[in-house]
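Engineer: Provided below for reference: sequence and predicted model.
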Amino acid sequence: MDSEKESSFSSVLSVNPYTNEYVSSISSFLKKSEKPEFAKDQLVTSYINSKTYINNQISLSKNIPDEDIDDALNIKIYDELGLDQAVEYQFKYFETFANSDGENRNFQVFIVDPLDLQSTFTESIAQIKYIDSITPSPLLIKSLYSKEILQESGIHCFVYLEKNDAFIAIYNEKELVYTKSLKYSFEEMHERFCELYGEKVDYEDFLRFLSTENLKYTESDFKSYILKLYREIFSTINDILTYVKKAYEIDKVQNVFIGSQIEMASKLYEIAEVELGIESNDFNFDYGFSNDDLFVDQIHALLQITSTLPEEEKYNCNFSSYHRPPKFLKRESGKFSIVLAGSLVLAFIYPATYWTLTYMQELQYQILNDQYKKIHAEKVTREANIKTKEAEKKRVSNLLKVEKDAYNAKKNTLIQIHDVKVNYPMKAKLITSLASDLNKFNVKIKKISYSEKNTKKEFTLSLLASNDKKITQLVEFLTKKYDNNLNISLEEISLQDDNNMYLSEVKVSIL
């Protein structure tokens, strides 16, 4: 988009095609638009999430001329990524200098299936007709540095959670190094939470809990399972950071910025700092907008500020095919009308012009025909190479399947052996350890029982003591000692009249 066209817009409309949410800005004031409509003076910007595109870093020889980069990348992405040859994928790219060497040039490539793009924006286009730019979501973060909203340089990690997607992006010295989809969208988090909790919880109730309940203060039954879920998420993020540091020779990640599409009651960045051991902050920067305290997710804010940047200060990866028509004189029909009018004038003044035009068309036909023969020969050669590669791929895939089946069979056997060796002796060890602790506090066991329900393993101990404080001191001691391994609960302590002893049932759940 040229600067003249960009300056002609008086407002910006950002579009979330996955939730059909629209946010408009006029004079730095943001508001949600329930029923947006097409307007000539309105710039429309949107994004695609990590489930819509494929991202990979492709290396090419430095000997390839710049004018051949497009063709070379096109061939290599189909070959290296195993893309369907029948689909004409769209791809955008930019050169990156991270992990570069003396022989190759590295390119960050984003690839989109046109059918996926079309289905994603069907409803949006029905309302607003045109979209000026569609950008992969991790590339929007570049605007934080261009606008100097984030002034520190260094290695920064950005994590963003959406209802149907999540991604992580690593920036080194204000340039994208690595991005990856995370399988922890709110929908996927809900499914995993239900698995941990052991029963189905309504999705809206799950989102409402995250939005309203702070884990520091809530007494909800959900608390411990939400914490387990967060530990899994940050464990996955930690594994990705470990890989990136090794692959790109990075010593340390300075900051982690984490945000989400919905407003969270708990401060995720505080949990991230504890789990990752890296200084963490809220993704919600001061973007310079006013919104009457209405929560607007960070993607909309990034879309808004990216739309105001010149082309050289942002990544040029626009996948939009929904451009508004240019002015009449710049359209093909307008150009044709001008040419036609001129031809008519010349036809009346210089009849010989018709002979000239005929000759030029014949000459153009001959040139195009020669180009066709050359391109057709290249096409036949490439098709033959593709068939050879596909046959080799099929042969290797069959060998790989045989090896995977053998590996999985051995793996399952070892898992069963490990389960028998480790899990069965664990109960006896636990009882022995508990008995030793009981003796320290002079507490006796009247009865002990064990039960398993789903994945929950629980001992029930009936304890006798001459003093109720001995039981409470014992429970306090066990809770501290087995904090990470056992969940110990005590409901009541009762006095038995027949023997003047205190009786209590203590439940010990194995985590």
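Structural biologist: Perfect, I can see it now. Numbering: from 1, shown residues only.
Engineer: Enumerate every residue touching the nearest residue to Lys223 once chain neighbours are set aside.
Structural biologist: Distances taken as CB to CB, 6 or more residues apart in numbering place Leu215 nearest to Lys223, at 5.8 Å, with adjacent residues excluded. The way it works is simple: take the backbone N, C-alpha and C, and place the C-beta from them, glycine included. Residues in contact with Leu215 (CB atoms under 8 Å, 6 or more residues apart in numbering) are Lys223, Ile226, Leu227, Ala265, Ser266, Ile271.
Engineer: ok, now which ones touch Phe319?
Structural biologist: Counting by CB under 8 Å, 6+ apart, Phe319 touches Ile48, Tyr53, Gln90, Lys92, Phe110, Val112, Leu117, Ile134, Thr135, Pro136.
Engineer: Run a quick neighbour tally on Asn172.
Structural biologist: Each residue near Asn172 was counted by other CB atoms under 10 Å, and the total is 20.
Engineer: Name the surrounding residues that touch the host helix or strand of Lys92.
Structural biologist: Assigned by DSSP states H and E, Lys92 belongs to strand 90-96. By CB under 8 Å, 6+ apart, the residues outside strand 90-96 that reach it are 57-58, 73-74, 77, 105-114, 117, 175-177, 315-319.
Engineer: mind listing what's buried in that strand?
Structural biologist: The neighbour-count check on strand 90-96 (16 or more other CB atoms under 10 Å) flags Phe91, Lys92, Tyr93, Thr96 as buried.
Engineer: Quickly list what the last one is bridged to.
Structural biologist: Spelled out, it's Thr96. Taking DSSP bridges as the rule, Thr96 bridges to Asn106.
Engineer: What distance do you get for it to Ser137?
Structural biologist: 18 Å (CB to CB, to the nearest Å).
Engineer: do the same with the first one
Structural biologist: Look at Phe91 and Ser137: by CB to CB, they are 17 Å apart.
Engineer: In which helix or strand does the most centrally placed residue in the chain reside?
Structural biologist: By CA atoms, centre = their mean, the mean C-alpha position of the chain lies nearest to Phe167, the distance being 2.0 Å. Counting by DSSP H and E, the element that carries Phe167 is strand 166-172.
Engineer: Tell me the helix or strand right after that strand.
Structural biologist: strand 175-181.
Engineer: Which residues in that next one does the neighbour count mark as buried?
Structural biologist: So strand 175-181, judged by 16+ other CB under 10 Å, has buried residues Leu176, Val177, Tyr178, Thr179, Lys180, Ser181.
Engineer: ok now it, how far from the chain's centre?
Structural biologist: Taking CA atoms, centre = their mean, to the nearest Å, one finds strand 175-181 lying 10 Å from the centre of the chain it belongs to.
Engineer: Over to stretch 410-417?
Structural biologist: Distance of stretch 410-417 from the chain centroid (CA atoms, centre = their mean) equals 33 Å.
Engineer: Which among the contacts of Leu215 count as buried?
Structural biologist: Lys223, Ile226, Ser266, Ile271.
Engineer: tell me the contacts of the nearest residue to the last one once chain neighbours are set aside?
Structural biologist: Once flanking residues are discounted, Ile271 sits nearest to Tyr230: 5.5 Å by CB to CB, 6+ apart. For Tyr230, the set of contacting residues under the criterion of CB under 8 Å, 6+ apart consists of Leu268, Ile271, Glu275.
Engineer: go again using 10 Å as the cut-off
Structural biologist: Applying CB atoms under 10 Å, 6 or more residues apart in numbering, we find Tyr230 in contact with Tyr184, Met189, Leu215, Ser266, Leu268, Ile271, Ala272, Val274, Glu275.
Engineer: what about the last one, neighbour count?
Structural biologist: Read it as Glu275. Applying other CB under 10 Å, we find 19 residues neighbouring Glu275.
Engineer: Export the strand holding Phe167 to PDB, keeping only CA atoms.
Structural biologist: In PDB, the C-alpha atoms belonging to strand 166-172 read as follows (Å, rounded to 0.1, in the frame of the first residue of the first chain):
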ATOM      1  CA  ALA A 166      -1.900 -20.100  20.900                       C
ATOM      2  CA  PHE A 167       1.600 -19.200  19.700                       C
ATOM      3  CA  ILE A 168       5.100 -18.400  21.000                       C
ATOM      4  CA  ALA A 169       7.400 -16.000  19.200                       C
ATOM      5  CA  ILE A 170      11.100 -15.300  19.900                       C
ATOM      6  CA  TYR A 171      12.600 -11.900  18.900                       C
ATOM      7  CA  ASN A 172      16.400 -11.300  19.000                       C
END
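Engineer: host element of Glu491?
Structural biologist: Element membership for Glu491, per DSSP H and E: strand 486-496.
Engineer: Following the chain past that strand, name the next helix or strand.
Structural biologist: Past strand 486-496, the next helix or strand by DSSP H and E is strand 501-510.
Engineer: Next, the buried residues of that following strand.
Structural biologist: Met501, Tyr502, Leu503, Ser504, Glu505, Val506, Lys507, Val508, Ile510.
Engineer: before we move on, what about stretch 207-216?
Structural biologist: Residues of stretch 207-216 classed as buried: Leu207, Phe209, Leu210, Glu213, Leu215 (neighbour count, 16+ other CB under 10 Å).
Engineer: likewise stretch 291-306?
Structural biologist: Buried residues in stretch 291-306, counting neighbours by 16+ other CB under 10 Å, are found at Asn291, Val296, Asp297, Gln298, Ile299, His300, Ala301, Leu302, Leu303, Gln304, Ile305, Thr306.
Engineer: show me what contacts the first one?
Structural biologist: Taking CB under 10 Å, 6+ apart, we find Asn291 in contact with Val23, Ser25, Ser28, Phe29, Leu30, Lys31, Lys32, His300, Ala301.
Engineer: Next, the closest residue to the fourth one other than its chain neighbours: phi, psi?
Structural biologist: Distances taken as CB to CB, 6+ apart put Ser290 closest to Phe29, at 4.9 Å, once the chain neighbours are dropped. Backbone torsions of Ser290, given as degrees, to the nearest 10, read phi -110, psi 140.
Engineer: Please name the residues that touch Ser290.
Structural biologist: Ser25, Ser27, Ser28, Phe29, Leu30, Lys31.
Engineer: immediately after the least confident helix or strand in the chain by mean pLDDT, which helix or strand?
Structural biologist: Every helix and strand in the chain was compared by mean pLDDT, DSSP states H and E; the lowest is helix 3-7, with a mean of 45. Sequence-wise, the next helix or strand downstream of helix 3-7 (DSSP H and E) is strand 11-16.
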